[in-house]
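A.B. asks: just coords:
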């Protein structure tokens, strides 16, 4: 499989603190990659760099062969090709569910309103929220809001979907419905890079697990190998902590 996303030597510091210390990572089309690691290991910063929300200090980011880290590249044009879902939903409270889902399609991709709404309703029906299309976000549960946020990211047919700890703000009983949707997206061939603390989910859904520690990739591999026979002591210590 060809690489849809290629990261080469990615470095990022905030002041004197180096958060990413030379990240090299290729993600193939239709692959699901789970980024795991302790809080502060660089997972979220790496996702923000991929989406150009943070400017890298060194290295290159290629999306479908285009160097999107080139400062001359229009960041908004790149972001239109990448769907991002954050842990706190970030739905617009003054817009109903359908308007939230169709906003980018209408205003960024210039899809006719009727077409955008038709597609938005189709997506909402698929995840069982068609009846909530006219509701406002504060009338939804956390799990429902997060599923709407994922559908909003999918409404523009992104080449790449980035998921940043999308279950960490949810009550435990709501986590399953969100993870079920991600499982469905994997089955449809969506290319996903997700930062997650849900180890069982990473093992179940990811094609590859990547362990970050202190801004570097310590170990990566198929979930069976990563969880069943980790090669590095740092990986073993991390897994022992999360299992405990």
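C.D. replies: Yep, it's here. From a predicted model like this one, the values you see are computed outputs, not experimental measurements.
A.B. asks: from here on, just use CA atoms for contacts and neighbour counts.
C.D. replies: Noted.
A.B. asks: list the helices and strands the lowest-mean-pLDDT helix or strand in the chain packs on?
C.D. replies: Here the helix or strand of the chain ranked lowest by mean pLDDT, DSSP states H and E is helix 172-187, holding a mean of 85. Judged by 3 or more C-alpha pairs under 8 Å, 6 or more residues apart in numbering; DSSP states H and E, helix 172-187 is in contact with helix 142-154, helix 199-205.
A.B. asks: who's in contact with the longest one?
C.D. replies: Counting by C-alpha atoms under 8 Å, 6 or more residues apart in numbering, the neighbours of helix 142-154 from elsewhere in the structure are 83-85, 88-91, 97, 100-102, 123-124, 127, 129, 137, 161, 166, 170-171, 174-175, 177-178, 181.
A.B. asks: which is the succeeding secondary structure element to it?
C.D. replies: Following helix 142-154 in sequence order, the next helix or strand is strand 160-164 (DSSP states H and E).
A.B. asks: in helices, which of the contacts of helix 142-154 appear?
C.D. replies: Mapping the contacts of helix 142-154 onto helices (DSSP state H) picks out 97, 100, 101, 102, 123, 124, 174, 175, 177, 178, 181.
A.B. asks: mind listing what the closest residue to residue 42 other than its chain neighbours touches?
C.D. replies: In this structure, residue 42 finds its nearest non-sequential neighbour in residue 215, 5.1 Å apart by C-alpha to C-alpha, 6 or more residues apart in numbering. By C-alpha under 8 Å, 6+ apart, residue 215 lies in contact with 18, 19, 20, 21, 22, 23, 41, 42.
A.B. asks: okay if I get those residues as TSV plus secondary structure?
C.D. replies: Formatted as TSV, the contacts of residue 215 follow (DSSP: H, G, I helix; E, B strand; the rest coil):
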residue	secondary structure
18	strand
19	strand
20	strand
21	strand
22	strand
23	strand
41	coil
42	coil
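A.B. asks: could you work out the most separated pair of those?
C.D. replies: Farthest pair in the contacts of residue 215 (C-alpha to C-alpha) is 22 and 41. Separation: 12.8 Å.
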